[in-house]
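>>> Fold the following for me, if possible:
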Amino acid sequence: MATNLFDLKTVVDGLEQDLGVPAETLAAALSVDRRTIERWRANQTVPQGKTRERLSELAALRDRLLKVMRDKNAVHEWLQAESRYLGGFTPVEALKAGRIDRVSADLDGLTGGIYL
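As a prediction, this is how the structure comes out:
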């Protein structure tokens with residue numbers, strides 16, 4: 001699923017639905033205030049610089065998760081499950097801490113068969 005950052009309402013709504021997380025979690029993952037997410041939805045502002053890069057990273061992670069797991073419910077379950085790679089934290093907790101990179105690395109380990 002390609003990400004068109006010019007249709008931010010669709011991007012944000014899609015991330016929430018596909019990842020099964022609320023706007024608060026997206027805001028934390030992107031290091032922005034929740035109201036910023038609402039302004040994006042209302043087309044009042046657009047992400048700039050590092051925030052735009054992080055939004056693209058999160059959308060790319062979502063795309064990879066959907067490709068690997070093929071089912072939104074499986075994505076939701078994986079994001080909520082404790083991860084050995086993340087020291088017992090869940091991928092959602094890592095996202096809330098702004099660590100999109102760690103969640104992506106955890107997915108790399110899963111797809112590479114490291115956890116078998």
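
>>> Could you report the pLDDT at Tyr115?
Tyr115 carries a pLDDT value of 61.

>>> The host helix or strand of Lys50 - contacts with which helices or strands?
According to DSSP states H and E, Lys50 maps onto helix 49-69. Helix 49-69 is packed against helix 8-19, helix 23-30, helix 72-80, helix 100-111, with contacts defined by 3 or more CB pairs under 8 Å, 6 or more residues apart in numbering; DSSP states H and E. Quick note: C-beta positions are derived from backbone N, CA and C, even for glycine.

>>> same for the second one, what does it pack against?
Right, helix 23-30. Using 3+ CB pairs under 8 Å, 6+ apart, helix 23-30 is in contact with helix 8-19, helix 34-41, helix 49-69, helix 91-96.

>>> Give me the buried positions along the first one.
To tie it back to what came earlier, the one meant is helix 8-19. For helix 8-19, a neighbour-count test (16 or more other CB atoms under 10 Å) marks Leu8, Val11, Val12, Leu15, Asp18, Leu19 as buried.

>>> and those residues as a markdown table, adding pLDDT and distance to Asp71?
As requested, the buried residues of helix 8-19 are arranged in a markdown table below (pLDDT from 0 to 100; distance: CB to CB, whole Å):
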| residue | pLDDT | distance to Asp71 |
| --- | --- | --- |
| Leu8 | 89 | 26 |
| Val11 | 92 | 21 |
| Val12 | 94 | 21 |
| Leu15 | 96 | 17 |
| Asp18 | 96 | 11 |
| Leu19 | 97 | 13 |
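
>>> and Ala42, how many neighbours?
10 (other CB atoms under 10 Å).

>>> quick one: secondary structure of Thr45?
coil (DSSP: H, G, I helix; E, B strand; the rest coil).

>>> Quick check: phi and psi on it?
phi -140, psi 170 (degrees, to the nearest 10).
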